[in-house]
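S.K.: give the three-dimensional model of this entry:
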Amino acid sequence: MIRRATPADSEVLRAMMMLSNGYERAAARAMIITFATGWSVPEGAHEVWLAEEGGLIAAGFYALIPHGADQELDLFFTDNGAQGTGLGRRLFDHMTARARDLGAARVVISSNPEAAGFYRRMGAVDIGVTAPGDGIAWERPKLALSL
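M.R.: From the prediction side, this is the model:
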């Protein structure tokens, strides 16, 4: 089941971010721990959706932020144990449907370099690079998915 996350889900989602195997390098691990420590599910226009599956309160989640005619895929995580099960595709499909429902023309993604291949397989195309900033010390592939 995929449902809208609430502030009460923040702790389990922070833990998923901190334990993610997508941040194994020391600098990346330090960055995600710092980010996740101060993060919580926002209320308002920023939407966070989570998947409950296999007995996990949150097997994965994503966040969308509106930017004019676009939506930004701000966060996209799956539990390490759920990777390779098709959950990422189901969450991505839900995200694209939700972005369409919100009237977006496209979804813009500044990707963890290790995750860019997943987004390309889902149909996103490279549109540039996101420069270091916001506590992230490396460039990130910037992709877009037309809706």
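
S.K.: show me where the chain dips below the pLDDT cut-off.
M.R.: For the chain, the stretches with pLDDT under 70 are 56, 135.

S.K.: for it, which segments count as helices?
M.R.: All helices of the chain, identified by DSSP state H, fall at 10-19, 26-37, 87-101, 116-121.

S.K.: can you lay out those as CSV showing distance to residue 131 and mean neighbour count?
M.R.: Glycine gets a C-beta too; all of them are placed from N, C-alpha and C. Shown next, in CSV, are the helices of the chain (distance: least, CB to CB, whole Å; neighbours: other CB atoms under 10 Å):
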stretch, distance to residue 131, mean neighbour count
helix 10-19, 22, 17
helix 26-37, 15, 15
helix 87-101, 24, 17
helix 116-121, 16, 16
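
S.K.: can you check which of those helices gets nearest to residue 50?
M.R.: Comparing the helices of the chain against residue 50 with CB to CB, the closest turns out to be helix 10-19 (6.9 Å).

S.K.: packing partners for the closest one?
M.R.: Judged by 3 or more CB pairs under 8 Å, 6 or more residues apart in numbering; DSSP states H and E, the packing partners of helix 10-19 are helix 26-37, strand 56-67, strand 70-78.

S.K.: that older thread, want to throw the helices of the chain into CSV with distance to residue 139?
M.R.: Converted to CSV, the helices of the chain look like this (distance: least, CB to CB, whole Å):
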stretch, distance to residue 139
helix 10-19, 20
helix 26-37, 13
helix 87-101, 23
helix 116-121, 11
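
S.K.: nearest to residue 62, of those?
M.R.: Nearest to residue 62, of all these, is helix 87-101, at 5.0 Å by CB to CB.
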